[in-house]
Structure formats: C-alpha cells, structure tokens
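Next input, structure requested:
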Amino acid sequence: MSVTEMTETPLLTVEHLTMRFGGLVANNDVSFVARTGEITALIGPNGAGKTTLFNCVTGFYTPTVGRLSLRHPDGREFLLERMPGYRIAQSGVARTFQNIRLFGGMSVLENLIVAQHNKLMDASGFAIAGLFGLPTYAKAEKAALELAKYWLERVRLTEFADWEAGNLPYGAQRRLEIARAMCTEPVLLCLDEPAAGLNPRESGELAEILTFIRDARNPNGHRTGVLLIEHDMSVVMRISDHVVVLDYGRKISDGDPTSVKNDPAVIRAYLGEDEDAELPPEVAGDLPASVVHPAPKEI
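Numbers count the residues shown, from 1 in each chain. Next up, the predicted model:
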C-alpha cells in the first residue's frame, strides 16, 4: 500500500455510535474517522460525551448502536464493537487515562517491560521457553528491553530508569504513561486529557512527543494514529490535524483546526447564546476581531 493510500484510508471509522445508560443518551448518532499518521482531537464542553465515546472505542463499554471498525495499514480489519475489551487491546489499540495509572512500586523500566507482557508470554511458550532459557525467548527479551530503552530516550526518562515510577514528578509520570502505551506498538493511541495538570513547559514537551509519535514510522514502515481528548486548546490547535467537536452527546463540528475554531456552533457550545461574551484567548486564537470582541449592541 502506498503512503498516499495509507493516509487516505481511515484507521478508525466510527459510524452512528449511540450509547445509552437507561434513559440517558451519552452519545447520539456520532460518526467520524481518524487516520493513520494524524492526530485527531475530540473536544467539547464538560459532559459532552467524549470519555464515553473513548470507552466504547477502547472496549470498556459496548455501544448500544453503531459500528467501530479499525483497519490496520496492512489491510486487516477489526470490528471493535463485537470484541471483548481485552481483545481490543490486542488488536492494536492503546490507551492512557485522565488519572495516571502507572505501577507506582515498579521501576520506570519495569513499567515499560510489563507493557510487553503479551509478546514475552507468546515467545516464552507460556513460561516453558523462558524457564529453559531457549534462544527464542532470549531474543524476545532483548527486543523488549531495546524497545523500552528507545521510548525512555524519546520521553527523556533514561536517567530515571531505576526510579520507582510513583516517585517521578507529575509531568514525567505523564510522559512515562505514554511511553508505556507505545511499548505495546499500537496502530491507534488513545489519550484521555494528556495535558491535564501540566504547566506550559510540560505541555510543550508533550506536544513534541505527540508530533513525534504521529510522524515516526515503526519497523513495518507504518505510522501511528493518535486520538485524544483534550481541554487545553493551545495544545489541540497546535498539534491536531483533525478536530471533532461534541456537545450534549452529538457531533456539532468536524474538520481541520481552523475551520472548527471558526464554526459558530462551536463558539455557541463553549460560550452559550450570549453573543456579547468574549472568547477566552486559547479558544479565540486568530479569529476575526469582530467575533472575538463583538461590537456593543445599539439600544
């Protein structure tokens, strides 16, 4: 498959996704695509249904209605809504959470080795090859260590490899969680508010890591698609290739960052109906002055 075909073929296709909890409709007929080698941001006010949609994609919920298809660059396709949650992880979807979920008592390096547990268990023949030190397991163990070292370097944590993960500063824990997810070698990386709690410098470092993940190629020559939920609009507008906006469970906008930022439906969703209200600077960006600072109404 050519590079052009890889970019044009959707990696994740969400079709008519609806998620109900009794009488509550958290997602209502949502459709969009996320592509390989792109960062797709899922944004919207609190309660818009972003995390519920993430939970459907990553196997924590089974949608009430809808189709979720994951198409690998090599042509394999998985219908995620029909798979048990643990199988979705094995199909090439990795996720981080808004609340960091590291193994705090393990070292930084051990967190990255544990992420490769499935590959190591397969190579060990479920412990037999590992127990007898067979060459196939030794090779897999060395490859796991090299991959862990690679991502430690990429997220600038090599010097902390022997630290307990729970003793890292908050921003470093965020980076480690992303590195751990990447050690599973996903085709789709799902990030739930990765910039939450970060200061501006740390947010800048995060943006660099995510753009590297988007642009880098794995040993098979493929790139990773990134799907993220984020409230930090400075991060979203800086790194996203594609933005999807939810409000009250429905999709209200879908496109590149500039078109979404100028969409009146998005402005209303964030500010309400009061046309005299001023946009916060991180949302306003380079909107026309007449929108950012509306002229006073005549009486």
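
which residues are contacting stretch 100-117?
120, 144-145, 147-148, 151-152, 157, 160-166, 168, 170, 173-174, 176-177, 179-181, 183-184 (CB atoms under 8 Å, 6 or more residues apart in numbering). (C-beta placed from N, C-alpha, C; glycine too.)

Which ones among those residues map onto helices?
Per DSSP state H, helices hold the following members of the contacts of stretch 100-117: 120, 144-145, 147-148, 151-152, 170, 173-174, 176-177, 179-181.

among those residues, which two are most distant?
Leu120 and Tyr170 (29.4 Å; CB to CB).

what's near enough to touch Thr236?
Residue 236: Val, not Thr. Per CB under 8 Å, 6+ apart, neighbours of Val236: Ala41, Ile43, Glu230, Val243, Pro257.

In JSON lines: the residues you listed, plus pLDDT, neighbour count and distance to Arg35.
Below are these laid out as JSON lines (pLDDT from 0 to 100; neighbours: other CB atoms under 10 Å; distance: CB to CB, whole Å):
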{"residue": "Ala41", "pLDDT": "96", "neighbour count": "25", "distance to Arg35": "13"}
{"residue": "Ile43", "pLDDT": "94", "neighbour count": "27", "distance to Arg35": "17"}
{"residue": "Glu230", "pLDDT": "91", "neighbour count": "25", "distance to Arg35": "18"}
{"residue": "Val243", "pLDDT": "96", "neighbour count": "26", "distance to Arg35": "13"}
{"residue": "Pro257", "pLDDT": "93", "neighbour count": "19", "distance to Arg35": "15"}
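
quick one: Asn218 from Ala140, how far?
Distance of Asn218 to Ala140, computed by CB to CB, to the nearest Å: 17 Å.

out of these two, which sits in the busier spot?
Legend: neighbour count by other CB atoms under 10 Å for Asn218 and Ala140, higher for Ala140 (19 against 13).

check which helix or strand covers the more buried one.
Per DSSP states H and E, Ala140 falls inside helix 135-154.

Buried ones from the contacts of stretch 100-117, can you make that a ChimeraX selection?
Buried residues among those (16 or more other CB atoms under 10 Å), as a ChimeraX selection:
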select :120,144,147,148,151,152,157,160,164,165,168,173,174,176,177,179,180,181,183,184
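
picking up where we left off before, packing partners of the helix holding Ala140?
Counting contacts by 3 or more CB pairs under 8 Å, 6 or more residues apart in numbering; DSSP states H and E, helix 135-154 packs against helix 108-114, helix 117-124, helix 128-131, helix 170-182.

mind exporting it as CSV, just the C-alpha atoms?
Provided in CSV are the C-alpha atoms of helix 135-154 (Å, rounded to 0.1, in the frame of the first residue of the first chain):
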residue,chain,number,x,y,z
PRO,A,135,17.0,-18.7,22.2
THR,A,136,13.5,-17.6,21.0
TYR,A,137,12.7,-16.2,24.4
ALA,A,138,16.2,-14.6,24.9
LYS,A,139,15.7,-12.8,21.6
ALA,A,140,12.3,-11.6,22.5
GLU,A,141,13.5,-10.4,25.9
LYS,A,142,16.4,-8.5,24.3
ALA,A,143,14.0,-6.9,21.8
ALA,A,144,11.6,-5.8,24.7
LEU,A,145,14.5,-4.2,26.5
GLU,A,146,15.6,-2.3,23.4
LEU,A,147,12.1,-1.0,22.8
ALA,A,148,11.8,0.1,26.4
LYS,A,149,15.2,1.9,26.2
TYR,A,150,14.1,3.5,22.9
TRP,A,151,11.0,5.0,24.4
LEU,A,152,12.8,6.0,27.6
GLU,A,153,15.1,8.1,25.5
ARG,A,154,12.2,9.6,23.4
